[in-house]
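K.L.:
Build me a model from this:
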Amino acid sequence: MIRIAILAVCACVMSGCAHLPPAQTWPEFVQRVGPGSPVAVTDAGGSEIRGRVSAVSATSLAVKTANGSRSFDATDVRHVRRDGDRLWNGLAIGAAIGTVGAILPDNRCSGHPPTCDDKQVPERLTFLAVATAAGVGIDALRRDRTSLYEPPGRVTVRVVPGLGPHLKALSMTLAVSGGQGMR
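P.N.:
The predicted structure is shown next:
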């Protein structure tokens, strides 16, 4: 039973970590984004506009901002990123961690029959609730800036420091999307 629970938790955590590479064509982007999605759009002039998608079509993108609405022709859009994300993945990850912590066996029961009387059920449920709330809180503080649309001809540089007590590694990725007009 514990193995099944651990596998289920791992599946939940891993599903929250997976993401698609950015769309490189406008029709592919149109299929991935829908009304209400929070986005940051970079136009041909280099300006970034943040808001929620109000409409998307084969030729344009309309974004509702705090100051009104803005419409972009597909040819003028240089980059679209997700601007924030839903809290469900933080909830799932926090609940998964809380579930694993709550179902771990108690050391006091290690030499007893499987029907050990565990009097820590309220503490275990409290840990599950706190871990779930922490997952939601951390996810609310983290801004997801995943690229949704990067047309060909864009250069992307990403630098990720290694985690640890002392910085021991740097990972750098340089990606050049080919396309017509690149020489």
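
K.L.:
how about the helices of this protein, start to end?
P.N.:
2-17, 26-32, 88-103, 121-141 (DSSP state H).

K.L.:
Can you check which of these gets nearest to residue 78?
P.N.:
Closest approach to residue 78 among the helices of the chain (Cβ to Cβ): helix 26-32, 12.0 Å. The way it works is simple: take the backbone N, C-alpha and C, and place the C-beta from them, glycine included.

K.L.:
Let's see the strand ranked longest in the chain as PDB, backbone CA atoms only.
P.N.:
Ranked by residue count and defined by DSSP state E, the top strand of the chain is strand 48-56. Output of strand 48-56 as PDB, limited to C-alpha atoms (Å, rounded to 0.1, in the frame of the first residue of the first chain):
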ATOM      1  CA  GLU A  48       6.200  44.000 -23.200                       C
ATOM      2  CA  ILE A  49       2.500  44.100 -22.500                       C
ATOM      3  CA  ARG A  50       1.000  42.100 -19.600                       C
ATOM      4  CA  GLY A  51      -2.600  41.000 -19.400                       C
ATOM      5  CA  ARG A  52      -5.000  38.200 -20.100                       C
ATOM      6  CA  VAL A  53      -5.800  36.800 -23.500                       C
ATOM      7  CA  SER A  54      -9.300  38.000 -24.500                       C
ATOM      8  CA  ALA A  55      -9.200  36.600 -28.100                       C
ATOM      9  CA  VAL A  56      -6.800  34.700 -30.300                       C
END
